[in-house]
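S.K.: Got a sequence here, can you build the structure:
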Amino acid sequence: MITPALLAALREAVQPEPLGQPLPAARTLYPGARSYCDIEFAAWEGYRPLLLDVHRPAPPGPARLLVYLHGGGWMRGSRRRHSLPVAEITASGFAVACLDYRLSGEAVFPAQLADVHAGLRWLRTRGEDPELDLDVSGVVLWGESAGAHLAALAGLGAPAGQDARADPTGPAIAGVVDWFGPADLTSMGDPADPHTREAQLVGGPLGERSAEARAASPVTHAHRDAPPFLIMHGTEDSLVPLDQSRKLAEALTRAGAEAELIAVPGADHGWFGMDDTGPLVATVLAFAGRHLYAGTSSGGNR
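M.R.: Sure thing, here's the model as predicted:
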């Protein structure tokens, strides 16, 4: 007879609990940084293991933490698909953790948000390991496009379904950086088209899944106790209209939260059309530096 204890032991043997796994050896991938790659942080039954990479300053000492979520329309991409200036980030004293999440072809929303919470829980639990030495008292979430959408939802404490624990143990979210992310899915694309990025995310045409689209929209969850938001969006964005970020900034401001919207002249989606994104990154790092030690409460704790 297979007892519950035996079943649990068999599951642990086949798929060990990610929180208890040893860390990989450090690698040197960027000047002045130590990188810990391919760390498994979640293993939902029936799905591929989800991985994260941590890049921290090479010198010892607790590093302030940014958590980065990639774009790709929720349909493609990975934690490695980014153009982050990692060496610049770590030279500024920050660590950055890049997370995977399940894509819409693997699972519909809110699975992606549950994955973000799982990554934050892992970082809260293991981030203070001597090898990583991360300051996990608070984090700034930073996402682009689809990743910005998930960062906003996580920062706002949006419900993440059955995969999310009722009592999340992730670090406090001290701020959210939203680079050209969708904010109101109900106004994105053809509501009758089942093939749009947004339809694939919520499991069907938006016109038939209006409740799910609202639940997956950051504007729905704006509230007074949200963490500060830095929202940056190109004026010529051809994939996610600038109006999406305007709606989010307005919803946050109306609710009494802090939100700054920077419209970047001439920039298309992904900052195409810009010769130098350095000033944008500098603005993000200045925002993170202001808020990580400011004692800002997590928007997820409302």
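S.K.: where's the closest residue to residue 212 other than its chain neighbours relative to residue 290, distance?
M.R.: Of all residues not flanking residue 212 in the chain, residue 202 sits nearest, at 4.2 Å (C-beta to C-beta, 6 or more residues apart in numbering). Heads up, the C-betas are built off the backbone N, CA and C, glycines and all. Residue 202 sits 35 Å away from residue 290, going by C-beta to C-beta, to the nearest Å.
S.K.: Surely residue 112 is in contact with residue 154?
M.R.: No: Residue 112 lies out of contact with residue 154 (C-beta atoms under 8 Å); the separation is 9.9 Å.
S.K.: Just the strands from this structure, written as ranges.
M.R.: Secondary structure of the chain (DSSP state E): strands at 33-42, 50-57, 63-69, 94-99, 134-144, 172-179, 229-234, 259-264.
S.K.: Flag every buried residue along the first one.
M.R.: Buried residues in strand 33-42, counting neighbours by 16 or more other C-beta atoms under 10 Å, are found at 33-37, 39-42.
S.K.: In JSON lines: the residues you listed, plus pLDDT and distance to residue 260.
M.R.: Formatted as JSON lines, the buried residues of strand 33-42 follow (pLDDT from 0 to 100; distance: C-beta to C-beta, whole Å):
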{"residue": "33", "pLDDT": "98", "distance to residue 260": "28"}
{"residue": "34", "pLDDT": "97", "distance to residue 260": "32"}
{"residue": "35", "pLDDT": "98", "distance to residue 260": "31"}
{"residue": "36", "pLDDT": "98", "distance to residue 260": "32"}
{"residue": "37", "pLDDT": "98", "distance to residue 260": "33"}
{"residue": "39", "pLDDT": "98", "distance to residue 260": "32"}
{"residue": "40", "pLDDT": "98", "distance to residue 260": "36"}
{"residue": "41", "pLDDT": "97", "distance to residue 260": "30"}
{"residue": "42", "pLDDT": "97", "distance to residue 260": "32"}
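S.K.: can you list the residues you listed in a markdown table and add distance to residue 133?
M.R.: Below are the buried residues of strand 33-42 laid out as a markdown table (distance: C-beta to C-beta, whole Å):
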| residue | distance to residue 133 |
| --- | --- |
| 33 | 13 |
| 34 | 10 |
| 35 | 14 |
| 36 | 11 |
| 37 | 17 |
| 39 | 15 |
| 40 | 20 |
| 41 | 18 |
| 42 | 22 |
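S.K.: quick one, which of residue 202 and residue 290 is more surrounded?
M.R.: Taking neighbours as other C-beta atoms under 10 Å, residue 202 and residue 290 compare with residue 202 leading, 25 against 15.
S.K.: how far away is the more buried one from residue 81?
M.R.: From residue 202 across to residue 81, the span is 23 Å (C-beta to C-beta).
S.K.: same check, this time on residue 97
M.R.: 15 Å.
S.K.: These two: which is more packed in?
M.R.: Taking other C-beta under 10 Å, residue 97 and residue 81 do not tie; residue 97 has more neighbours (27 against 13).
S.K.: ok, that one to residue 105 distance?
M.R.: Taken as C-beta to C-beta, the span from residue 97 to residue 105 is 24 Å.
S.K.: ok, now which ones touch the closest residue in space to residue 72 that isn't next to it in sequence?
M.R.: Nearest residue to residue 72, sequence neighbours excluded (C-beta to C-beta, 6+ apart): residue 146, at 5.8 Å. Residues near residue 146 by C-beta atoms under 8 Å, 6 or more residues apart in numbering: 69-74, 77, 181-182, 197.
S.K.: Looking at the residues you listed, which one is closest to residue 171?
M.R.: Residue 171 has its nearest neighbour among the contacts of residue 146 in residue 69, at 14.9 Å by C-beta to C-beta.
S.K.: Can you list the neighbours in contact with stretch 265-278?
M.R.: 71, 83, 85, 144-145, 180, 234-240, 264, 280.
S.K.: meant to ask about stretch 247-264
M.R.: Residues outside stretch 247-264 that contact it (C-beta under 8 Å, 6+ apart): 152, 178, 181, 183-184, 187, 218-219, 222-235, 242, 245-246, 271, 274, 280, 283.
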